[in-house]
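Novice: Kindly return the folded structure for what I paste below:
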Amino acid sequence: MIVLTMLGAAAEWVMIVFVLGVIAVGFLAATVVSVLRNASLPRDDRLVSIVERLEQRYPLLRQFDAAGKVEPTVDDRKQQLREQYVAGEISESEFERQVAELMDDSSSDTRSQSESQSISDIEDRHR
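Specialist: A predicted model of the protein is given here:
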């Protein structure tokens, strides 16, 4: 009899703790989502490959475009080349060749993106 009374009184507390736990987990999830969306992550090619594998394994991560956020930009790659040149790791001719190659790649990427956008616009008009 006493045990049932104690369990009845504890049930209220168990329910309160459960509800507070659910609320805490909700806030934790919201915080993680917010950090993933606004995080300033280091940009690195190796990190891109890791994030892409994670996105393949966990498709939910794709909506955050984490791979795009950690992929080095053209400016990041230029800065890395400058640092290598200043440190004497590459010669001036190698530096100039890699910068020219980088600029060619970025202009072809821009062209291919604009071409694919034009194609999708044309397809939309035909529908």
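
Novice: which stretches of this structure form helices?
Specialist: Under the criterion DSSP state H, helices of the chain are mapped to 2-38, 45-57, 66-70, 74-86, 92-126.

Novice: what's in contact with stretch 97-106?
Specialist: Identification of contacts with stretch 97-106 by CB atoms under 8 Å, 6 or more residues apart in numbering yields V74, R77, K78, L81, I90. The way it works is simple: take the backbone N, C-alpha and C, and place the C-beta from them, glycine included.

Novice: returning to what we had before: will you turn the helices of the chain into TSV that also has mean neighbour count and mean pLDDT?
Specialist: TSV is the format used below for these (neighbours: other CB atoms under 10 Å; pLDDT from 0 to 100):
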stretch	mean neighbour count	mean pLDDT
helix 2-38	10	86
helix 45-57	13	87
helix 66-70	17	78
helix 74-86	14	89
helix 92-126	11	69
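
Novice: Which residue is the nearest non-sequential neighbour of D45?
Specialist: Excluding its sequence neighbours, the residue lying closest to D45 (CB to CB, 6 or more residues apart in numbering) is P72, at 6.5 Å.

Novice: May I see the domains of this protein written out as residue ranges?
Specialist: For the chain, automatic domain parsing gives the domain ranges 1-38, 40-72, 73-127.

Novice: where's the residue nearest the centre of the chain relative to D76, distance?
Specialist: Compute the mean C-alpha point of the chain, and by CA atoms, centre = their mean the closest residue is A66, 1.0 Å away. A66 sits 16 Å away from D76, taking CB to CB, to the nearest Å as the criterion.

Novice: check contacts around F95.
Specialist: F95 sits in contact with L81, R82, Q84, Y85, where contact means CB under 8 Å, 6+ apart.

Novice: Could you do R82 as well?
Specialist: Contact analysis of R82 by CB under 8 Å, 6+ apart lists F95.

Novice: ok, of the contacts of F95, which one's closest to R43?
Specialist: Taking CB to CB as the measure, R43 lies nearest L81 of the contacts of F95, at 14.1 Å.

Novice: A9 versus the closest residue in space to R62 that isn't next to it in sequence, what's the distance?
Specialist: The shortest distance from R62 to any residue other than its chain neighbours is 5.0 Å, reached at E55 (CB to CB, 6+ apart). Taking CB to CB as the criterion, E55 is separated from A9 by 49 Å.
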